[in-house]
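Student: sharing a model that was predicted from the sequence below.
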Amino acid sequence: MTAQAWLLVAGAAVVAIGIAASAIPRGLRLGLALQAFGVALIGIDGGVVVVGGSAVGSGFENGLGPAMGIDPLSGFFIAAIAIVSTPALIYAGGYLARSHNAPAIAAISGVFVLALVGVVIARDAVTFLMMWELMSVAPAVAILLASRSAETSRAVLVYLGSTHLAGVGVWLSILALAHLGALTDPHALAAQPALVRSLLAVATLVGFGTKAGLMPLHSWLPRAHPAAPAHVSAVMSGMMIKVALYGLVRMLFEWLAPLPGWVAPVLLGAATLSCVGGVLYALMQHELKRLLAFCSVENVGIIALGLATALLAADAGQRQLAALAFAAAMLHTLNHALFKSLLFLCAGSFQRQVGMLDLDRLGGLLRTMPLTGTAFLAGSMAIAGLPPFNGFASEWLTLQALLQLALHGGPADTAAGTLAAAALAATAALAVFCFVKVVGLVLLGAHRQKIVASSHEVPASMTGPVIFLAGLCLAIGVVPGVVLGPIGHLSPYGPLTASAYGSTLTVPGSGAFAPLAVAVFIAVCTAALQLARRQAGTTAPSPMWICGQVPDSRLAWTSAGFTKSLRLVLAVVLRPQRTVSIELDGMLVRSVVHESEVPHLFDDMLYRPVLGRVLAFSRVLRRMQSGSLRAYLSYLLVTLAVVLAVVRAGLR
Amino acid sequence: MRGYGLGIAVQLAGLVMAPLLPGLIQTIKARLQGRRGTSPLQPYRELRRLWRKRTVAPLDTTFVYRTAPSLSASALACALLVVPIGASTVGWFGSDMLVLLGLLALARFATAAAAWDPGGGFSLMAAGRDLMFSVFAEPLLLLALVLVAVGAQSTDLVQMVAASGDARIASLPAHWCAALAFGLVVLVETGRQPIDNPDTHLELTMVHEGPLLEYAGRDLAMLQWTAAARHWLVLVLAAGLFVPLPQTAPWNMLALAAVVTALCALVAVVESSLAKMRILRVPALLGAGVATCMIGLASWIAQGAR
C-alpha cells in the first residue's frame, strides 16, 4: 500500500475510534474532536491526490469484490467533504452538549461522514451501493434521534420515500453498467442500442437528480434538511447532495458516454428551473432552515447549469469551453459546500440561543451574537453572489461559460446559452433579495422578542468553525485562481489552460476579472471613506427618525411585507393565498385574523396527485393480499401457467 | 498610446465628474418645463453642504448601517473604473461586463440591508421595491449586453465598445433591440420617470430615495454621489456601446461628451413627458424590454451572422 492509502486508512481508523469514544458517556467532545481530526486526515489525503494528479488504489471494477481507490475527481470531493465536515464535527462538540441522545447523534454523525467518503472512494458497484444506502439512512436516524415530533416523523418518511425513488434509479443504472462492463470500459455502451442508453440516462437523471435535489424532484429536500440537527443539516446540504452530483458527474461524463442527445438540454432545463424556482421559493419562506434548504435547490441548479453547459460545449466540439464550464461547476460545488454549511451552522447557533428560527420573531442578533452574526453576514453575501466573496467567482465563471457557449456555439446553443444566462442573472438578483431579507430579519434592527434581546454569544467551539468557514469563503473569493488551478485538471476535457491561476481570471473571449484587485480596492476605498466619515464626527445617538413616526415594535416590517411587491407581480406563478376573517360584534370589530401563505405548487400540483394515484392503485393491489391460502395457491398456479406459456412461445 | 492615456484620465475624472450628469438633467428638465432651474453644478453644492455636516447614527444600529454608504460608494467607484472610455480602461479590475453586474448588486445589497437596521417602514418598502425591480432589470441588463457581445464576439467591454464603431454591427437589428432594452436599464438604474421620481418628497412613492431617509451628513453625501455615479455608469456605457464614435484621440472624447450630454437631454425629455407608472406595472415594462431582446436574439440567430 502506498503512503496515501495508509493515510486514508489511518484517518478512517481515527474516525472509527472517535465514533466509539463519542458513544460512551463524557466522551462526547473527545470523540467528536477525534472524528474531526480523522476526517481532516482523509481530506488531506484527497487534497494530495488532487494536486498530485495521479490515482491511488484500485481503478473501477465491474466485478463483485470490494475495491476502493482515489482518483483526482474523488480526491476533490473527499477534500470538500473534509473541509465541511471537520468544522461541522468540531461545532457539534459544543452544539450537542446539552441535547438529548447526544452520544448516539455524535456517533451517527461520524458514520454519516464516513459513508459520504465511502461513496466517493468506492470502486465497484456493491461497495458504491452499500455506502450510498448508508449515506441515505444515516441522516434519517440522526433526525429521529434528535426529535420525535409527528412533523419530524413525517419529514423522515418523505425523505426515505424519496430516497427509495432515488435508490431505484441509482441501483438500476449502476448495476446495469456493471453488468454491461461499462464501469471499466468507456466504449462498452456505444455498442448498446439507443433505447438502452436512453433508459440508463433516465434512471441516472431520476436517481442522482432526486438525491441532488434537482427540480422537480426536490420535494424531500426542504422537509428533511430543516429537521436535522444543525451540524447534520450542514453536512447534508453542504456535501450529501454534492455526493449525488459526484455520481451524476461520473455517470454523464465517464460511464454513459456517448450520451443520448436529449440529456444535455433536459439537464439544462432542469437546472434552470432549479435555479429560479429554488430561489423564488426560498424568498417566500419565513423559517430560516427551510429557506436555506430551498436555497440549496437553487445552488444545485447553478452547479447543474455548469455541467449541462460542459456537455453542450463538448457536443459543439468546444473542449476548452467544456473544461471551463466543468471547472465552474466544481468550483461552485466547493463554494456552496462552504457557505451553505456556514449558514446552517450559524442557524443552529441562533436556534440554540433563541429557541426558534421564525424569521419574523428574531431581529438584532448581530448585536447580541457579534461573531456568529458577522460570519452569517459573510455567508449571506457569499451565497448572494456578491464580490469579493467566493459565490461571485463561481457564478461569474458559470455565466461566462454560458455566454461563451452562446457566442461560439450553433444557433440552438446561442438561444439556450442566452436564456439560461438571463435566468441565472435573475437568480442572482433574487438571491440578493432573499439574503437582504434574511440578514435584515435575523441580524439587524430591533429585537422582536425578549428572548432574542437576552441572547448571548455561543462558546468558542461553535464560533470557531463558522469563522473558519467565513474566512475560507472570503479567501476563495479573493484568490479563486489558487483553487481553480487544481480544479482545472479534473475535467474530462483536458486541463483548463485558459484561466490564469493567479490573481486574475482570464477566460478567452471575455474581459478579465481581477478579484484580488477588486477586493483590495473596495476594502481600501471603504476604509478611507469610513475614516472620512469619522472625522466629520457623529451626533449623539438618537432614536430613529422614520419620517417623524413613533417607533412601534408592532409595526415592525415582516418577511411577507418585504417581499409583497414581488409576490403581487408574480401572483400568476406563485398563487399566494390569503384569508382575512373579521369578527364583528354589532358595529365593532372584535378581531381581525389574517393568514397568508405561498403554497409549494410542486407539492400541490405534482406530488399530491401522483401520490394519490399511487396510493389508490396500491389499495386495489392490496385486495389481492386476502390472507387466504387458497388465493395465494391459485396465484402461484396462474403464474406457473403464464410462465410455461411464455417459455413455450419463446421456444417456437 | 496618447488616446489610451486620455481615456484613462477621463475615466478617473469620471469619479469627480459624475455628479455633473444628474445636475445637467435637472437643468435641462427645468428649461423644458419653462423654469430657469438650478445650475448643473448644483449637486456639487449639495455634496459640499452635506460633507460639512456630522453624521447621525440612530440607536440600535450596527456596523452594517454605518458602512453601507462607504461600501456602496466604493463598489460604484470600482464599477466606474471598469467602464471603458474611448475603448480603453485602467484595467486594474479587468473589463468584463459581468463584473459590473456584481458590483451593482453589491451596492444594492449594502443599501437595502442597511434599511433593515433602523427598520423604518418607508425605507423597507422602498428597498423591497428596488430589489423587486432588480429581479427584472438584472436579466434585462444582461440580455442587452449579450446582444452587443454576440456582435463583438466577446464579453469584454473594451472590445464591445471598439466594435460599436463597426458599421456592420451598428446596422444589425439585434444591436438596435439591445439599444432599446438598454434604454430601459438606464431609466431603472438612474431611478428616473416613469420608473421612479427622483424629485419626489412623498415617502410612500419612493424607490431609490427611500433607503436613504435615515442618513445625514457625509453618509448622505456618499449615497448621493453613488446615485450620480450610477448615472455616469449607464449613460457613458450607453454612449460607448450604441453610438459609433470616432476612434482617434481628442475627437472621441469630445464626441463622447456631446453624446452623453445629448443622452442627458433625452432622459430629461422622457422624464418631462411621461408620468410615473404604477409600481406593479414596472415589471411589465421591463418584461417588454426582455421581449425586445428576445426578438433581437431571434433576428441574430435567423441571420446566422457571426
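Tutor: That came through, no problem.
Student: poorly predicted segments of chain B, please.
Tutor: For chain B, residues meeting the criterion pLDDT under 70 lie at B:1-4, B:305-306.
Student: can you rerun that using 80?
Tutor: When residues are selected by pLDDT under 80, those of chain B lie in B:1-8, B:86-91, B:165, B:167, B:170, B:201-203, B:246-250, B:304-306.
Student: mind checking the longest helix of it?
Tutor: Ranked by number of residues, the top helix in chain B under DSSP state H is helix B:121-152.
Student: quick one: check whatever helix or strand comes next after it for contact with chain A.
Tutor: Using DSSP states H and E, the helix or strand that directly follows helix B:121-152 along the chain is helix B:157-163. Yes. Using C-beta under 8 Å from any C-beta of the partner chain, we find that helix B:157-163 touches chain A at B:157, B:158, B:159. Glycine gets a C-beta too; all of them are placed from N, C-alpha and C.
Student: of those residues, which is the most crowded?
Tutor: Greatest neighbour count in the residues of helix B:157-163 next to chain A, by other C-beta atoms under 10 Å in any protein chain shown, goes to residue B:157: 29 neighbours.
Student: quick one: contacts for the closest residue to that residue other than its chain neighbours?
Tutor: Nearest residue to residue B:157, sequence neighbours excluded (C-beta to C-beta, 6 or more residues apart in numbering or on different chains): residue B:95, at 4.7 Å. By C-beta atoms under 8 Å, 6 or more residues apart in numbering or on different chains, the contact set of residue B:95 is A:511, A:512, B:82, B:84, B:89, B:156, B:157, B:158.
Student: next up, the contacts around residue B:219.
Tutor: Counted by C-beta under 8 Å, 6+ apart, residue B:219 has contacts A:533, B:55, B:56, B:66, B:69.
Student: same check on residue A:20?
Tutor: If you count contacts by C-beta under 8 Å, 6+ apart, then residue A:20 has A:31, A:107 around it.
Student: tell me the SS of it?
Tutor: At residue A:20, secondary structure determined by DSSP: H, G, I helix; E, B strand; the rest coil is helix.
Student: number of residues surrounding the residue in the stretch 101-250 of chain A positioned nearest to chain B?
Tutor: Nearest to chain B, among the residues of the stretch 101-250 of chain A, is residue A:215, at 18.4 Å (C-beta to the nearest C-beta). Close neighbours of residue A:215, defined as other C-beta under 10 Å, add up to 25.
Student: so it belongs to a strand, correct?
Tutor: No. Counting by three-state DSSP, residue A:215 is not found in a strand; it is coil.
Student: residue A:280 is in contact with that one, correct?
Tutor: No. Using C-beta atoms under 8 Å, residue A:215 makes no contact with residue A:280, being 10.6 Å away.
Student: tell me the residues that contact both of these two, please.
Tutor: What both residue A:215 and residue A:280 touch, as defined by C-beta under 8 Å, 6+ apart, is an empty set.
Student: with adjacent residues omitted, what lies nearest to the residue of the stretch 51-200 of chain B found nearest chain A?
Tutor: For the stretch 51-200 of chain B, the residue closest to chain A is residue B:116, as judged by C-beta to the nearest C-beta, at 2.8 Å. Of all residues not flanking residue B:116 in the chain, residue A:440 sits nearest, at 2.8 Å (C-beta to C-beta, 6+ apart).
Student: cool, residue A:480 as well?
Tutor: Nearest residue to residue A:480 in three dimensions, chain neighbours excluded: residue A:393, at 3.9 Å (C-beta to C-beta, 6+ apart).
Student: what sits against that neighbour?
Tutor: Residue A:393 neighbours (C-beta under 8 Å, 6+ apart): A:331, A:335, A:476, A:477, A:480, A:505, A:515.
Student: try 10 Å
Tutor: Each residue near residue A:393 by C-beta atoms under 10 Å, 6 or more residues apart in numbering or on different chains is listed here: A:328, A:331-332, A:335, A:382, A:385, A:387, A:476-481, A:483-484, A:505, A:513, A:515, B:102.
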